[in-house]
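>>> based on what follows, work out the 3D shape:
(one chain, ligands or ions: 3)
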Amino acid sequence: MQINCHLSFQLTLVLTTIFDVTNQQDTTLNWTEIVGNEKLGVFYENTQRLYFELFERRAYKRELSPIYSLQPYNLTAQEVPRFNVNITLAYVKVIELAAQSQEIDQLFEFGFEWTDPRLQWNPDDFGGVSKIWLQMDSIWLPENSISNA
Ligand SMILES: *[C@@H]1O[C@H](CO)[C@@H](O)[C@H](O)[C@H]1NC(C)=O
Ligand SMILES: *[C@@H]1O[C@H](CO)[C@@H](O)[C@H](O)[C@H]1NC(C)=O
Ligand SMILES: *[C@@H]1O[C@H](CO)[C@@H](O)[C@H](O)[C@H]1NC(C)=O
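Ligands and ions are numbered 1, 2, ... in the order given. Predicted coordinates for the structure are as follows:
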């Protein structure tokens, strides 16, 4: 029997610590006028300001890992917590079951959850925006490899 796995990833950024933003971008665009909808316009304005803060002003580099090391500062394990990645596996459904060839096609969904302290913000500074959706390749990702069983 052969089992084919189709993988889909769900990224959840856990951004908890409050951070003061001192030098926000002065947005001159009026997104409400551009998209013709006030709620959507305000949302785009806030997410664009947030994007500017994280990726331009802070110059976040995805190539640099957020994993911290105890060296060379002689810190103890209590002073620097472990870097945790929570992985959840959700079995979604059987796509196809071929009795003849004994093949089963299944869909699994993996959720990875970790904290990257460089990507934290105070939602109050961005009109209450507490989540953003990004392309997977814009941020550092924990290395993972899942093989077909
Ligand atoms: C943006 O445009 C809308 C609609 O014309 C207007 O009501 C709103 O005051 C403008 N916002 C800013 C910040 O200028
Ligand atoms: C860490 O400990 C080593 C060995 O005791 C010492 O040589 C070094 O200066 C210490 N480093 C710092 C940053 O305190
Ligand atoms: C992982 O899950 C544990 C237990 O639910 C939780 O306490 C912890 O904050 C999670 N860690 C991350 C990095 O999300």
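
>>> so who does Leu40 touch?
The contact partners of Leu40, by C-beta atoms under 8 Å, 6 or more residues apart in numbering, come to Trp31, Thr32. In this view, the C-beta of every residue, glycine as well, is placed from N, C-alpha and C.

>>> and if you look at the one 5 residues further on?
Under the criterion of C-beta under 8 Å, 6+ apart, the contact list for Glu45 reads Thr27, Leu29, Trp31, Thr32, Gly127.

>>> can you point out the buried residues in the helix or strand hosting it?
Under the criterion DSSP states H and E, the helix or strand holding Glu45 is helix 38-51. For helix 38-51, the buried set under the neighbour-count rule, 16 or more other C-beta atoms under 10 Å, comprises Gly41, Phe43, Tyr44, Glu45, Asn46, Thr47, Arg49, Leu50.

>>> quick one: mean pLDDT for it?
Mean pLDDT, computed over helix 38-51, is 94.

>>> is it anywhere near ligand 1?
No: remark: helix 38-51 sits outside contact range of ligand 1, by C-beta under 6 Å from any ligand atom, the gap being at least 7.0 Å.
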